[in-house]
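K.L.:
this one's structure only:
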């Protein structure tokens, strides 16, 4: 069976952060939001639309990306350019905006399904479950396999792996890596992961820690 | 009400973030849940009266409030400029150097742990007679303490935030009840307004250091306001206001209630405090208010102790998280449970400490009320006083090098005034340690408590100096907290920085 295709990093992160069958999140909403927010910003950097200069996000190309989620973020970045640092953008995207954008994108290509449940007190609760548990588990498996075979990860997968570490998801999905595999992965971060994306992931990780200290996580 | 004046209008980002921001009341409630009014008024004050024989506690609360308010001027000002503002050691690292900061962080861990175990001892000792009264069963204090411990341990590791509304309701009930009971004390037959409790002379007389530490103990938790610097509606106004409001509220409540209690008990207050212990406050009021009020008071007393335990537990777990992220403690402490964000390992470590102490006291047959609750609480109070003093000097040091954005009152005048007063207070406190603990000068507890702080402080300094030469990358991030993107990270920044750690 052919491997499922590689998705944009935010989609892969979303699938990795959810139970492959029930669809429940392995992360708290705040942490998930920070991870997905950083992933969308990272995608915009991969699209060469945005640069991270020190702690500021700078729009270098205003053209839409052809993808609704990143284009929506790009549009906002353009409108409020230079007013807020990357940490504020991450905080903003983590309020549910990033999660919402990514859920829509995944639902559109049919990888997750919308499920409505009647609440106990009336009203309906909307949640998403993966359409196919194999596909949903694939991104984490791909990272693990490549790392243990000592194959290089591409930049998108390094972004995914970095955000897995930053959000603490590694305790779930990279726990089986041994010390040598970890060292190899870390070596790849240092050698092949662009500095700008390193900074972005580090900022996301710091924001996750910040949320813990302020009892928001 | 919400102020977003610092951002241009019409910004979707600012509007969205502003909705989640905290106002003054939310922060005040949070601070006061650690301060636990009934625990202090009914627990610390009568026990302190009995142990030290000093009656000037009401004026001591007011005096300490004034000093802490002056201290807070510089403290909240510095909080606006640094990261990880919730932790004393962050200030001290950046104001007095990283080695001093690490030493202070270890002292802080000991102090907060002392409060934590003190609250277990208090819970056990106070619940024991109540259980006998309510259910007719005589349960050992340590069994009750272990029950409280188990509750806190489970809530802590799962990081179940006790519902804010529940906490606020309990707190309001506690304060209301404290005030009502204090008023009831005033209507007692034997009530004669006590001049001793308000005599400023006691603040300079013999044993003044002991009184001041007892008063400081009542305020612990006030330093947590700055945790919310970045979450508050207006960092320049909300946090300072919340801090001053909480200090004033605590001071007035404590001073009034302890004055009323001392006045009502009359001349033999010290003797009665010795005989009745934490019941003194309730016994006096029960004469007027009857049994229902008494039971209410007892229930709230126990919930107050539990609330204090939970809040100290969370403070400790997060302190360890922050130190773990910085690499000062093992990195494992910088991990959280992904699904809840609970700082799991710090929480487990704290629970282990609590368990060991409770079991030790049970096995040795030591007194839970005086030797655990009061010694732990006042020992922790001494530690916090020393930390506040160091932090006050750190504020001067920080603003001497970074003159940005604050006027001379915030940068120089207030910090210098508070530093001088706090230094004198710290000297008196250490000098009076035997009086505070109610033991002979030179006896074991009077030596162990201050030397424990000294030893940990020196060990922390040495550890920092070791980090400077062995792990410069870690050293450079000390005091910058989990917020520091380049050094203070979890797995990812460790991956970027500390290749040696994993390659072995």
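P.N.:
Arrived safely, thanks for sending. Since we're looking at a predicted model, the values are computed, not measured.

K.L.:
low-scoring stretches of the chain, by residue?
P.N.:
Since no chain was named, I'll use chain A. Counting by pLDDT under 70, chain A has low-confidence residues at A:1-2, A:119-120, A:122, A:216-217.

K.L.:
sorry, should have said chain B
P.N.:
B:1-10, B:85-86, B:159-164, B:481-490, B:498-504.

K.L.:
mind naming the longest helix for it?
P.N.:
Scanning chain B for the longest helix, with DSSP state H as the assignment, gives helix B:98-135.

K.L.:
which neighbouring elements make contact with it?
P.N.:
Applying 3 or more Cβ pairs under 8 Å, 6 or more residues apart in numbering or on different chains; DSSP states H and E, one finds that helix B:98-135 makes contact with helix B:88-96, helix B:141-158, helix B:291-326, helix B:344-364, helix B:375-401, helix B:444-470. Placement of C-beta: from N, CA and C, glycine included.

K.L.:
how about the second one: buried residues?
P.N.:
By neighbour count with 16 or more other Cβ atoms under 10 Å in any protein chain shown, helix B:141-158 contains the buried residues B:141-142, B:144-146, B:148-149, B:152-153, B:155-157.

K.L.:
so what's the residue count around residue B:494?
P.N.:
By other Cβ atoms under 10 Å in any protein chain shown, 22 other residues sit near residue B:494.

K.L.:
roughly how far does it sit from residue B:470?
P.N.:
Counting by Cβ to Cβ, to the nearest Å, the gap between residue B:494 and residue B:470 amounts to 15 Å.

K.L.:
next one: residue A:163
P.N.:
Taking Cβ to Cβ, one finds residue A:163 at 30 Å from residue B:470.

K.L.:
which of the two has more neighbours?
P.N.:
Neighbour count, other Cβ under 10 Å: between residue A:163 and residue B:470, residue A:163 has more, with 31 against 10.

K.L.:
my guess is the more buried one meets residue A:9, correct?
P.N.:
Yes. Using Cβ atoms under 8 Å, residue A:163 is in contact with residue A:9, at 7.3 Å.

K.L.:
what touches both of those two?
P.N.:
Residues touching both residue A:163 and residue A:9 by Cβ atoms under 8 Å, 6 or more residues apart in numbering or on different chains: A:39, A:42.

K.L.:
list the buried ones in stretch B:13-32?
P.N.:
Neighbour count says stretch B:13-32 has B:13-14, B:17, B:21-24, B:26-32 buried, by 16+ other Cβ under 10 Å.

K.L.:
residue A:181 against residue A:147, yeah?
P.N.:
Yes. With contact defined as Cβ under 8 Å, residue A:181 counts as touching residue A:147 (5.0 Å).

K.L.:
look at the two and report which has more neighbours.
P.N.:
Between residue A:181 and residue A:147, counted using other Cβ under 10 Å, the more crowded position is residue A:147 (22 against 17).

K.L.:
show me what the helix or strand that contains the more buried one is packed up against.
P.N.:
For residue A:147, the host element (DSSP states H and E) is helix A:133-148. Where contact means 3+ Cβ pairs under 8 Å, 6+ apart, helix A:133-148 is packed against helix A:9-16, helix A:155-167, helix A:170-173, helix A:179-192.

K.L.:
measure how it sits relative to helix A:155-167, angle-wise.
P.N.:
Going by axes from the mean of the first three to the mean of the last three Cα atoms, to 10 degrees, helix A:133-148 is angled at 100 degrees with respect to helix A:155-167.

K.L.:
hmm, who's touching helix A:133-148?
P.N.:
A:3-4, A:6-7, A:12-13, A:15-16, A:18, A:20-21, A:111, A:130, A:152-153, A:157, A:160-161, A:164, A:173-174, A:176-177, A:181, A:184-185.

K.L.:
and those residues, which of them are buried?
P.N.:
Among the contacts of helix A:133-148, the ones that count as buried by 16+ other Cβ under 10 Å are A:4, A:7, A:12-13, A:15-16, A:18, A:20, A:111, A:130, A:153, A:157, A:160-161, A:164, A:173-174, A:177, A:181, A:184-185.

K.L.:
can you give me the strands for chain A?
P.N.:
With strands called from DSSP state E, chain A shows them at A:50-53, A:56-59, A:112-118, A:124-130.

K.L.:
just the ones you listed: most buried one?
P.N.:
Across these, averaging neighbours per residue (mean count of other Cβ atoms under 10 Å in any protein chain shown) puts strand A:50-53 on top, at a mean of 18.

K.L.:
show me what it pairs with in its sheet, parallel or antiparallel.
P.N.:
As defined by DSSP bridges, the strand partners of strand A:50-53 come to strand A:56-59 (antiparallel).

K.L.:
show the contacting residues for residue B:293.
P.N.:
B:177, B:180-181, B:184, B:285-286.

K.L.:
now do residue B:270
P.N.:
Residue B:270 touches B:49-50, B:53, B:55, counting by Cβ under 8 Å, 6+ apart.

K.L.:
and residue B:245, by the same measure?
P.N.:
Contacts of residue B:245 by Cβ under 8 Å, 6+ apart are B:24, B:28.

K.L.:
hmm, 6 Å instead?
P.N.:
By Cβ atoms under 6 Å, 6 or more residues apart in numbering or on different chains, the contact set of residue B:245 is residue B:28.

K.L.:
count of neighbours near the nearest residue to residue A:14 once chain neighbours are set aside?
P.N.:
Spatially, and ignoring its direct neighbours in sequence, residue A:14 is nearest to residue A:102 (4.8 Å; Cβ to Cβ, 6 or more residues apart in numbering or on different chains). Residue A:102 has 27 neighbours, counted by other Cβ under 10 Å.

K.L.:
same deal with the one 4 residues further on?
P.N.:
Burial of residue A:106, expressed as a neighbour count using other Cβ under 10 Å, amounts to 24.

K.L.:
and what of residue A:70?
P.N.:
Residue A:70 has 25 neighbours, counted by other Cβ under 10 Å.

K.L.:
likewise residue A:26?
P.N.:
Residues near residue A:26, counting by other Cβ under 10 Å, number 18.

K.L.:
that one: what's it in contact with?
P.N.:
Applying Cβ under 6 Å, 6+ apart, we find residue A:26 in contact with A:17, A:172, B:338-339.

K.L.:
for the residue of the stretch 301-450 of chain B found nearest chain A, what are phi and psi?
P.N.:
For the stretch 301-450 of chain B, the residue closest to chain A is residue B:341, as judged by Cβ to the nearest Cβ, at 2.5 Å. Dihedral pair for residue B:341: phi 80, psi 10, per degrees, to the nearest 10.
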